[in-house]
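Chemist: Okay, sequence plus prediction incoming.
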Amino acid sequence: MSWIILVLAGLFEIGWAIGLKYTEGFTKFWPTVGTVTAMVVSVGLLGVAMRELPVGTAYAIWVGIGAVGTVILGIVLLGDAASPGRLLSLGLIIAGIIGLKLAS
């Protein structure tokens, strides 16, 4: 169950990272409310997952999910570049996430 909670925490991290773009420097009320809510939920779920998972593994996977998801949504939603180097780097992050899971 801790792994599922950790994945959910990572998904909320993606939500708040993308949400930051829409807050326009925290000047837009509802995007700010959604972003801050996603931040609180993400960190809260991470804390719950860390009850049973090693701190280093949980944190690295949480950050990795957030980073990969944010880059992908940046490409899809915001027109960020999808260069071969960026995509290769994403693959390496995904490999690291899988490696940490398998080693735990």
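Modeler: That came in fine, so what should we check first?

Chemist: Tell me where this structure has helices.
Modeler: 2-23, 29-49, 55-78, 84-103 (DSSP state H).

Chemist: how about the nearest residue to residue 12 once chain neighbours are set aside, what does it touch?
Modeler: Ranked by C-beta to C-beta, 6 or more residues apart in numbering and with sequence neighbours excluded, the top spatial neighbour of residue 12 is residue 42, at 3.6 Å. Where C-beta positions appear, they are placed from N, C-alpha and C, glycine not excepted. Taking C-beta atoms under 8 Å, 6 or more residues apart in numbering, we find residue 42 in contact with 9-10, 12-13, 15-16, 62, 66.

Chemist: start to end distance for stretch 75-95?
Modeler: From the first residue to the last, stretch 75-95 extends over 20 Å; the measure is C-alpha to C-alpha, to the nearest Å.

Chemist: on that earlier part again, report the two of the contacts of residue 42 separated the most.
Modeler: With distance counted by C-beta to C-beta, no two of those lie farther apart than 15 and 62, which are 13.0 Å apart.

Chemist: These two: who's more crowded?
Modeler: Set side by side, residue 15 and residue 62 show more neighbours around residue 62, with 24 against 21, by other C-beta atoms under 10 Å.

Chemist: pLDDT score assigned to the more buried one?
Modeler: Residue 62 is assigned 97 on the pLDDT scale.
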